[in-house]
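S.K.: return a 3D structure for these sequence lines:
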Amino acid sequence: MSEGRPDAAVIISLLRERELLDNGLPRPEDAPPARWPRKAVHRGWVLLPRLGALMGRDAASLGAAAAASPLLRVATAEPPRFLGLFRRRPVPAATWEDMSKVSARVMADPLGVAPAVLVHPAAISTFLPQFIAARGATLPLRPEAPPEAQRIVVPGRSRESLLQRVDPGLVDLYAREDLALTRKRRAPEAPLRFPEGYPARDLPSAVRLLVSARAASVAERLRSGALAEWFREEAGEAELAAVIDAAAHAAQDRGEGDEAARARLLQYIRRTAVGVELERQLVEPLAEGVRSRDPARVAQSARALLLLDPDLAASELSQALFETDPGCRAPVVEALGATASPRAVDSLERLAHAGTRAEDREGALASLRRLAREGAAAPVAMAALERLKKA
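M.R.: Here you go, the predicted model:
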């Protein structure tokens, strides 16, 4: 797990896993070996000499890496008592930095600290709007939003058909509202909370939380109606709430599992005008994430793009495939094979034909075979596999 990862990222992974274990949540996919938290973490502190022994590194270099990270601070902490009775000498250790100090560093230099801060999923929900705003300010003449005529809306059921399914009276209500002045969006009165991640205190962070939280948590709130109630009562988004209700009914009618229910929810949200605008705030950081040098972040960003939309994921992942660090390319190749989109075929064929690493070529071929099994990409992928056989 630690091979090829920055020292600060390893320390952050240990702190994250310890919090998950303390709350009875499952270990993340990028978790370190199971014995590491038990041996190196004590009372919320990562004991650097112990971690150094596990990693084959010296404690001083680990301390320097932790001190350089905006998310961490270094001090001394007491290890577990010998035989449960005798105190040991305090040793260098690292733990989470106070969030007010992290916020101050983000405000002072958002673009400079962004790569170090975004290695922690909870920090993404908190600071992503500031990073997007800061990056947007560096791009001259970049519009805040595309013209209405250029916005891409995924084809699907009309808003009227979705509302009709929930409550026919809502169709007339929103028809009248469309003729009135545009309603100003208000801040939620209470944040949206999940067991994973920071509470969402505005609409964009609420939608980001639907992508980053565990599928089981999202599906539970969706089926109980609590999610639609939050959007309706706290955020004042009655239209979004009605669409979320429609997604809940559709998922229940089809007996869909947690992942499928969450995917349907995001698909329905994307069909609304609000969803199109919010999607712009999600795609850009995820597209940057798949170009990261951190394998865990690359894999997480690729999975999140798949959740938003397979065709969208195929386009973004294809563009990033040859820009991603070779050591982090495997999750991008695997995600392209899961899109079932013809847009994924060309980049996979090029990698399978001209890739310099055997694992890249084999992974591209495996993804092409998966695309060739069924769906819209099947005939295109089969043709690509035939060309590769003749090459």
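S.K.: going by C-alpha atoms from here, please, whenever you check contacts or count neighbours.
M.R.: Will do.
S.K.: show me where the stretch 1-150 of the chain has helices.
M.R.: Secondary structure of the stretch 1-150 of the chain (DSSP state H, counting those that start in this stretch): helices located at 7-22, 35-40, 48-55, 59-68, 99-108, 110-117, 121-137.
S.K.: tell me which helix or strand of the chain sits lowest on mean pLDDT?
M.R.: helix 169-179 (a mean of 52; mean pLDDT, DSSP states H and E).
S.K.: how is the protein divided into domains?
M.R.: As assigned by automatic domain parsing, the chain contains the domains 7-97, 154-278, 292-297+309-390.
S.K.: any idea which helix or strand comes after the least confident helix or strand of the chain?
M.R.: Moving toward the C-terminus from helix 169-179, the next helix or strand (DSSP states H and E) is helix 203-212.
S.K.: give me the contacts around the following helix or strand past that following helix.
M.R.: As assigned by DSSP H and E, the chain's next helix or strand after helix 203-212 is helix 215-224. Identification of contacts with helix 215-224 by CA atoms under 8 Å, 6 or more residues apart in numbering yields 194-195, 210, 227-228, 244-245, 248, 252, 258-259, 261-262.
S.K.: so which elements touch the next helix or strand after helix 215-224?
M.R.: Using DSSP H and E, the helix or strand that follows helix 215-224 towards the C-terminus is helix 226-229. With contacts taken as 3 or more CA pairs under 8 Å, 6 or more residues apart in numbering; DSSP states H and E, helix 226-229 sits against helix 238-254.
S.K.: point out where the stretch 201-350 of the chain drops to low pLDDT.
M.R.: 273-274, 276-282 (pLDDT under 70).
S.K.: what do you get if the cut-off is 90, keeping everything else the same?
M.R.: 201-218, 221, 226, 228-328, 338-344 (pLDDT under 90).
S.K.: ok, for Ser292, nearest residue in space, not its chain neighbours?
M.R.: Nearest non-adjacent residue to Ser292, counting by CA to CA, 6 or more residues apart in numbering: Val298, 6.0 Å away.
S.K.: is that neighbour in contact with Pro285, as I believe?
M.R.: No - in this structure, Val298 is not within contact of Pro285 by CA atoms under 8 Å, at 11.2 Å.
S.K.: give me the more crowded residue out of the two.
M.R.: Val298 (25 against 16; other CA atoms under 10 Å).
S.K.: against which helices or strands is the host helix or strand of that one packed?
M.R.: Using DSSP H and E, Val298 sits in helix 295-308. With contacts taken as 3+ CA pairs under 8 Å, 6+ apart, helix 295-308 sits against helix 203-212, helix 258-270, helix 273-289, helix 310-320, helix 329-338.
S.K.: how far away is the residue nearest to Ser315 when sequence neighbours are not counted from Glu349?
M.R.: Spatially, and ignoring its direct neighbours in sequence, Ser315 is nearest to Arg343 (6.2 Å; CA to CA, 6+ apart). Between Arg343 and Glu349 the distance is 11 Å, computed by CA to CA, to the nearest Å.
S.K.: just Ala364 next, same as before
M.R.: Distance from Ala364 to Glu349, by CA to CA: 7 Å.
S.K.: show me the contacts for the residue nearest to Ser292.
M.R.: Counting by CA under 8 Å, 6+ apart, Val298 has contacts 289-292, 328, 331-332.
S.K.: check contacts around the residue lying closest to Ala335 once chain neighbours are set aside.
M.R.: Nearest residue to Ala335 in three dimensions, chain neighbours excluded: Ala302, at 6.3 Å (CA to CA, 6+ apart). When the contact criterion is CA under 8 Å, 6+ apart, the partners of Ala302 are 286, 290, 313, 317, 331-332, 335.
S.K.: again, only using 10 Å
M.R.: Contacts of Ala302 were listed using CA atoms under 10 Å, 6 or more residues apart in numbering, and they are 286-287, 289-290, 296, 313-314, 316-317, 331-336.
S.K.: of those, which is the most crowded?
M.R.: Leu336 (32 neighbours).
S.K.: contacts only, for that one.
M.R.: Contacts of Leu336 by CA under 10 Å, 6+ apart are 302, 306, 310-311, 313-318, 321, 342-345, 347-348, 364, 367-368, 370-371.
S.K.: repeat that for 6 Å
M.R.: Residues near Leu336 by CA atoms under 6 Å, 6 or more residues apart in numbering: 314, 344.
S.K.: what does Ala338 give?
M.R.: Applying CA under 6 Å, 6+ apart, no residues contact Ala338.
S.K.: and Ala206, how far from Glu288?
M.R.: Ala206 is 20 Å from Glu288, by CA to CA.
S.K.: of the two, who's got more company?
M.R.: Remark: of Ala206 and Glu288, Ala206 carries more neighbours, 22 against 15, as counted by other CA under 10 Å.
S.K.: neighbours of the residue lying closest to the more buried one once chain neighbours are set aside, just the number please.
M.R.: Closest residue to Ala206 apart from its sequence neighbours, by CA to CA, 6+ apart: Ala200 at 4.9 Å. If you count neighbours by other CA under 10 Å, Ala200 ends up with 21.
S.K.: Ala200 reaches Leu210, doesn't it?
M.R.: No - look at Ala200 against Leu210 with CA atoms under 6 Å: they stay out of range, at 9.8 Å.
S.K.: just to revisit the earlier point, out of the helices and strands packed on helix 295-308, which gets nearest to Ala108?
M.R.: In terms of CA to CA, the element of those nearest to Ala108 is helix 273-289, at 20.0 Å.
S.K.: which stretches of the stretch 51-200 of the chain have low pLDDT?
M.R.: 51-59, 61-63, 65-71, 76-89, 96-200.
S.K.: how much space is there between Ala364 and Leu371?
M.R.: 11 Å.
S.K.: actually, Ala206.
M.R.: Distance from Ala206 to Leu371, by CA to CA: 33 Å.
S.K.: follow-up on the earlier one: wait, which of the contacts of Ala302 is closest to Val91?
M.R.: Taking the contacts of Ala302 together and measuring to Val91 by CA to CA, the closest member is Ala296, at 29.0 Å.
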